[in-house]
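1. show me the folded form of this:
(chains A, B, C and D)
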4 protein chains.
Amino acid sequence: MTKKDANKMWGGRFDSKPTDIMQQINVSIDVDARLWPHDIALSKAHAEMLGKQKIITKKEADTLIDGLNKIEKELQSSKFPFRPEFEDIHMNIEARLKELVGDVAGKLHTARSRNDQVATGFRMWTRDAISDLVAEIEGFQTTIKTLSKKHAKDVMPGFTHLQPAQPVTLGKHLDAYWHMLNRDKSRLQDCSKRLNKCPLGAAALAGTPFPIDRDFTAKKLGFDGPMENTMDAVSARDFVAEFLFACAQAGLHLSRLTEEIIIWSSTQFNFVALSDQWSTGSSIMPQKKNPDSAELVRGKTGRLTGNLVQLMTMMKGLPLTYNRDMQEDKESAFDSYDTLKLCLQVMNGALDTAKFNTDQMLQASEDGYTTATALADWLVMELGLPFRDAHHVTGKIVKLAEKKSCKLSELDLKDMQKIEAGITNDIFKVL
Amino acid sequence: MTKKDANKMWGGRFDSKPTDIMQQINVSIDVDARLWPHDIALSKAHAEMLGKQKIITKKEADTLIDGLNKIEKELQSSKFPFRPEFEDIHMNIEARLKELVGDVAGKLHTARSRNDQVATGFRMWTRDAISDLVAEIEGFQTTIKTLSKKHAKDVMPGFTHLQPAQPVTLGKHLDAYWHMLNRDKSRLQDCSKRLNKCPLGAAALAGTPFPIDRDFTAKKLGFDGPMENTMDAVSARDFVAEFLFACAQAGLHLSRLTEEIIIWSSTQFNFVALSDQWSTGSSIMPQKKNPDSAELVRGKTGRLTGNLVQLMTMMKGLPLTYNRDMQEDKESAFDSYDTLKLCLQVMNGALDTAKFNTDQMLQASEDGYTTATALADWLVMELGLPFRDAHHVTGKIVKLAEKKSCKLSELDLKDMQKIEAGITNDIFKVL
Amino acid sequence: MTKKDANKMWGGRFDSKPTDIMQQINVSIDVDARLWPHDIALSKAHAEMLGKQKIITKKEADTLIDGLNKIEKELQSSKFPFRPEFEDIHMNIEARLKELVGDVAGKLHTARSRNDQVATGFRMWTRDAISDLVAEIEGFQTTIKTLSKKHAKDVMPGFTHLQPAQPVTLGKHLDAYWHMLNRDKSRLQDCSKRLNKCPLGAAALAGTPFPIDRDFTAKKLGFDGPMENTMDAVSARDFVAEFLFACAQAGLHLSRLTEEIIIWSSTQFNFVALSDQWSTGSSIMPQKKNPDSAELVRGKTGRLTGNLVQLMTMMKGLPLTYNRDMQEDKESAFDSYDTLKLCLQVMNGALDTAKFNTDQMLQASEDGYTTATALADWLVMELGLPFRDAHHVTGKIVKLAEKKSCKLSELDLKDMQKIEAGITNDIFKVL
Amino acid sequence: MTKKDANKMWGGRFDSKPTDIMQQINVSIDVDARLWPHDIALSKAHAEMLGKQKIITKKEADTLIDGLNKIEKELQSSKFPFRPEFEDIHMNIEARLKELVGDVAGKLHTARSRNDQVATGFRMWTRDAISDLVAEIEGFQTTIKTLSKKHAKDVMPGFTHLQPAQPVTLGKHLDAYWHMLNRDKSRLQDCSKRLNKCPLGAAALAGTPFPIDRDFTAKKLGFDGPMENTMDAVSARDFVAEFLFACAQAGLHLSRLTEEIIIWSSTQFNFVALSDQWSTGSSIMPQKKNPDSAELVRGKTGRLTGNLVQLMTMMKGLPLTYNRDMQEDKESAFDSYDTLKLCLQVMNGALDTAKFNTDQMLQASEDGYTTATALADWLVMELGLPFRDAHHVTGKIVKLAEKKSCKLSELDLKDMQKIEAGITNDIFKVL
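-> Sure, this is the predicted structure:
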């Protein structure tokens, strides 16, 4: 890094340059480089607006846009020269622009500040990230719907407290996740709608005396309109927290699904076997086939929750408007996006190729007295017992079956009648 | 507590009763008692539906509803006999019903389970809590809007990095919080919409063979309709996490406002003085007048964030459907509601009666070179300098003023011209 | 509440009194009342020291101590009149003291402030809480050690990835928790040692001009000595965070144990059955016997983690010294103590009375190819294969057994020799 | 990546290979590469022990150690060929070993598993990280001690509630942080002591039938001894949580210091100016000099807290022993180490070069009635008033001074005597 250039952008009043360690904590290019497509897009929109408003000449605007197009190509083809001495992606692009188009590059920053520039680019990124995640969720929902239909009639025990409770179908069980994912999707979409106002034009915090057209840039960049309050525009990060929460909540749902996959993959349950592609082995135990994909996804829940806590802790107690603490706003968002996307892809693939042992499931639903509720319901419907009494009677019958180590359907009618005299032979229809 | 009664509701198959310590961790009546209005309402709707569907007789339904009405009055007048041996509010009400109407009380639990009952009541509570919080937010927004208009022309320094940046108005500064609160409100409302489907009829997890009418009860209780998947219905708690997040994010916004109030209340800033009603003194330092109300609200951010983490950690990795861990789903929600409501009321009152020292603010905006950006903009607009160059020139002028310990407007024209020859006397108009 | 008294302690310079809502957020007596034993003890030590140092007369000191002894008895016998208008436990005791001994009560607060008073009392409470928790942990460790010895030879499958990996004993498995608890204990003890310095004498923050004897009070109250820096003394709360972390980490260990209990209690595993006392039933499914005690403990992990996050968020970014945010420092600590204590008692009882199905465990260790590692080790030891090759060979043999749906020990020697020619009949000794 | 090689280490029983997406979530080499020095060291110790115990020949052991030495040099000189198809650092090193020394490389994994290998290497890394952080803390403490001595007599207002409370010295204020850091250091050291037992020899979870010498390897690698329970050895990660907590708590202390630096750097306080090296400017406001270094450090608190929550959430509810979720155990630890180290270096540099405006501080301590407590103490000592009454009298005197907009020392004696008749001219000595 050329020390001489290190404070090119804001160094006018400074005597000395940041130290190496300061550079280390100050520079964010490694993290925010991925904002480049949004930074280029908003710079082009800004340049076009400056020209349209005659704040710069039409020719200057065109020169800037041409230069930005060239940079875009460099970035697309991985030829762009990233340089840490320019701190972040925004400064890197502006510095490169100067090399390409000369001093006119300095005019691009007219009537804007890094504060509104970053806020705008980051909102655009989040919008795109959500759109991506929604597509992944929908893909996974399709897989689940297909499996759900396929197994619509495959009976399995429904669990409460991980104890067999009542018979359900595997289709219904899987469909529960379809609905969870649907709410996860709608949370992300709400977040996207709420954040879709444009900070550009807020400049550092107070707007700008230049005759800019905020509606033009907002519309050009796909926003619903400009953010009303310029101080809010540069300092708000609740859209990030909301995004991180939506990701973390989706992760929580995946943690429930993966917990089930892992338990069902156990030798004892044997309800499901992930395909070899989505499993791994052991370096010491040659017989092992582990549901690692599910475990890794379950483990990522921590990451998604941690990211949310990171941002919320960081924002706590910050006065208006921009504070440098907020440089720490993007890494978590990028990480939660990458993580959730990967987790959805992994679970989509893992479920799609999993083998459900429906025979085993059916048999399990026959053990564990899961028809006891049906028995109690029968006592209510046929004998007119209040439910609470029916429940009590059934409890005694179950205990009897446990003592005899038999299924409910294998009990003797007379034994049951000793507990509740009204029971008839019809009872065996529901057991 | 009468041990004999302790497992009245589910004790049929049990030999011994829970121990005292088990009771201690098992019983939730201290927490969930406040769900009673929703439990009564849903029990009445359920009874009416059972009657309508002829699952019980019309007369039985009427008896149950009469009994529930009596209990409602006991609860309203604090005469209801809460008893820990009946574990939770639902069992307490059912036990009381039996005392009031006799054995027919047992029929109320036909075709339902505590699982769908609790999930329904809790969704109703959350809906009400949100409606309450929205009203509090709107009240606070009104106060802010009024202050914002009152101070629309009162100039103060706008800060970045807690350094004076550019002049803004106090009205604009306060208005930024109006917008934050507006998003907080809309997040709560989205949550309310998303949760507004009715679990009732899902029973334990699998629905029920009784010919119930789920649309009827859903509509009766103000829901948009029944939840589609019965396993999802009893095990979903993402609505709680979303509610807790929305509260925590609102708390984060309040933490920014209170941080400012506290800093502004310092002797050094002296921008604001809270009224005596919203301040406290010291037991040892007689001169102290502390902005305790703001500090207490800022401190509550921790609580709101902690509550969110509590629920998310608790739900992590739970298999379907209901697990007893989920008993821990309500206390945080109740606490976040109480906390946020109180914080909004406190800040509403504190701001409403605060005295803003607008003279001090105006003077502060004249110190700190907050007009430097205007100077740089003038260099661009009048002399045609690219912004980056104008920025550099201004930096040098500021440094000169610092060296001379004077305001920018007190600098000598010639000194400025040594830095940039094109500067004319007009410059003093913008300084 | 008598409004007139509301600001008795610090109201000299105030025109108006706090509003009702301010009282609501300001008053902490509901939470901090349980600090009374420590507040009484430190007030007695302080009074004695004031007398000894002749800051007050010997007679005054005796009067104060007598009064405090009377209050102690009132508190022990639940006859103490708690009054919210005196905000917190410290003010309540001082107000009561004035009623009992007259104006001399005002002398008790000589040379101290609520800041050092609260900090001291809270450290004493934490010390006691830790001592209690350590005893609970040791009690639970004893139970585990006993079970561990009892089952020292009961073979069960050791799991990785919830897949049977290698045979272990139940004794060894349980003993792993003994070691985790041992580290939990040592973390709590380290915390207790580190916090054991006395803030008393720091007064508000700057010490006091009175000729106090800090060593005397520190020693009297069981501290290792006074805290060196008075500003640190009143503002440090890292001892609370450390306590909350130590509790949360112990909770995490319990969450692993309870997860196992819950999985092992499933019909499919059937490794353990909790006694009826530590289980509960279902209001709709009469056959259910749920491991609720384990689930409730697992659920409490969220609470313990949430409490830690609460305190850390609250303390973030607070300038020195005392800020009112710190009123929120005690509730989490009290709750984590209560929660962890209860969880330890519950698990102690639940494990002590649990029935381990050692037959089932033994059989499970014979399924699942858990002897495969032994086979690989044999190939290394007897045939001299590098471990990696032995691993590969074993993998193929396991696959063969899977295809044939048989145990490793049921495979044909010739079939194994096709995979690795060197295998001899001796192999069956290790399978 | 060569797909063919992808499951070289454990692929014996597998039909197909992991998919690309599975590889993405499965591979950890990008994260765990930095464990290489510890992995090399432990592999050498293991090889030496295998030779010593005659589990492999002396010659084989020497060959393995030679190979490992070569790899060590490759790694030191950045010539080591990292390959994602070998998943993690351990597999990468073993694969390279095979290339360098041939088939004998396969013998290195005799009597060990990745489970004990990773746990051992990670404990060694944490031990080193702590040792490093302790050195950084001590360096920072030295800087603080020096500043503290230098400013031992520079008077400044001590704050509570960010209100001037009583005069203190800057030296005392800074010294408070020395003590906080000292506890942070001791927490890290406790963690290091507690984790210093060696998992090696636990193999996958159950130990190994080979006649290994665990004491030898433990001692060789600087541990106090082997971990007693092998299942605990491979599954415990409380040492990571404790490390993350210790880092987060140190970060919390830094967040308090940085908050103060930021507030003190404001134009209004003007108590301190960071040097240019530790400040940055603005891209739009040329006059700005922002305390970015302090803000960046304050912002990192979020990261450190988030990392702690990540690990605790991830570990919640994991059954014994190793689960793949635990792959997520290292990234947070690495990040918290890097972050805290950087923050300590930044604050060390920033404070070392900061300019404290002691004149401004002195003047501030004269405003704000910080001598009021001294006045109250005088009333107690000279007039014998009970403290509570003295407090009340002083409150009235302060209010009078406020009304007259004067300092306490500028009040008229007669005016004070109207409030408390006993006051004499001596009072002006303490004001």
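2. please enumerate the strands of chain A.
-> Secondary structure of chain A (DSSP state E): strands at A:155-160, A:163-169, A:272-273, A:355-356.
3. want to try TSV for those strands, with mean pLDDT, mean neighbour count and distance to A:A390 as columns?
-> (Glycine included, C-beta is placed from N, CA and C.) As requested, these are exported to TSV (pLDDT from 0 to 100; neighbours: other CB atoms under 10 Å in any protein chain shown; distance: least, CB to CB, whole Å):
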stretch	mean pLDDT	mean neighbour count	distance to A:A390
strand A:155-160	96	25	19
strand A:163-169	93	25	15
strand A:272-273	95	20	35
strand A:355-356	96	14	34
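4. between these, which gets nearest to A:M231?
-> A:M231 sits nearest to strand A:155-160 of all the strands of chain A, at 50.9 Å, using CB to CB.
5. contacts for that closest one, please.
-> A:164-170, A:172-173, A:271, A:358, A:361-362, A:364-365, A:368, A:370, B:115, B:204-206, B:231, B:234, B:319-323, C:267, C:282, C:285, C:288, C:290 (CB atoms under 8 Å, 6 or more residues apart in numbering or on different chains).
6. domain ranges for chain A?
-> Using automatic domain parsing, the domain parsing of chain A gives A:18-110, A:115-358, A:371-429.
7. rewinding a little: now the strands of chain A in JSON lines, with distance to D:I21?
-> Formatted as JSON lines, the strands of chain A follow (distance: least, CB to CB, whole Å):
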{"stretch": "strand A:155-160", "distance to D:I21": "28"}
{"stretch": "strand A:163-169", "distance to D:I21": "29"}
{"stretch": "strand A:272-273", "distance to D:I21": "19"}
{"stretch": "strand A:355-356", "distance to D:I21": "19"}
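8. what's the closest of the ones you listed to C:L383?
-> That would be strand A:272-273 among the strands of chain A, by CB to CB, at 31.7 Å.
9. was I right about A:L42 contacting A:T120?
-> Yes - counting by CB atoms under 8 Å, A:L42 touches A:T120, with 5.2 Å between them.
10. who has more neighbours out of the two?
-> A:T120 (31 against 26; other CB atoms under 10 Å in any protein chain shown).
11. contact partners for the more buried one?
-> By CB under 8 Å, 6+ apart, the neighbours of A:T120 are A:38, A:42, A:198-200, A:221.
12. can you list residues touching both of A:L42 and A:T120?
-> A:200, A:221.
13. next step: the contacts of A:T120 restricted to helices.
-> Under the assignment DSSP state H, those contribute A:38, A:42 to helices.
14. from the contacts of A:T120, pick the one nearest B:A61.
-> A:C198 (57.3 Å).
15. for the closest one, name its beta-bridge partners.
-> Assessed by DSSP bridges, A:C198 has beta-bridge partners A:P226.
16. could you measure from it over to A:A119?
-> 9 Å (CB to CB, to the nearest Å).
17. try A:P164
-> From A:P164 to A:A119 the distance is 53 Å (CB to CB).
18. center of chain A, which residue is that?
-> A:C247 (2.7 Å; CA atoms, centre = their mean).
19. who's in contact with it?
-> Counting by CB under 8 Å, 6+ apart, A:C247 has contacts A:133, A:188, A:304, A:307-308, A:336-337, A:339-340.
20. now, which of these lie within helices?
-> Using DSSP H, the contacts of A:C247 in helices are A:133, A:188, A:304, A:307-308, A:336-337, A:339-340.
21. next, format those residues as CSV and append neighbour count.
-> As requested, the ones in helices among the contacts of A:C247 are exported to CSV (neighbours: other CB atoms under 10 Å in any protein chain shown):
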residue, neighbour count
A:L133, 24
A:L188, 25
A:L304, 28
A:N307, 31
A:L308, 31
A:S336, 30
A:Y337, 22
A:T339, 21
A:L340, 27
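22. let me know the closest of those residues to chain C.
-> A:L308 (10.7 Å; CB to the nearest CB).
23. which residues does the closest residue to the closest one other than its chain neighbours contact?
-> Counting by CB to CB, 6 or more residues apart in numbering or on different chains, A:L244 is the residue found nearest to A:L308 once chain neighbours are left out, at 4.3 Å. Listed by CB under 8 Å, 6+ apart, the contact partners of A:L244 are A:304, A:307-308, A:311, A:332-333, A:336.
24. any low-confidence regions in the stretch 151-300 of chain A?
-> Across the stretch 151-300 of chain A, residues meeting the criterion (pLDDT under 70) sit at A:282-287.
25. please report how far A:S275 lies from C:Y369.
-> For A:S275, the distance to C:Y369 equals 19 Å [CB to CB].
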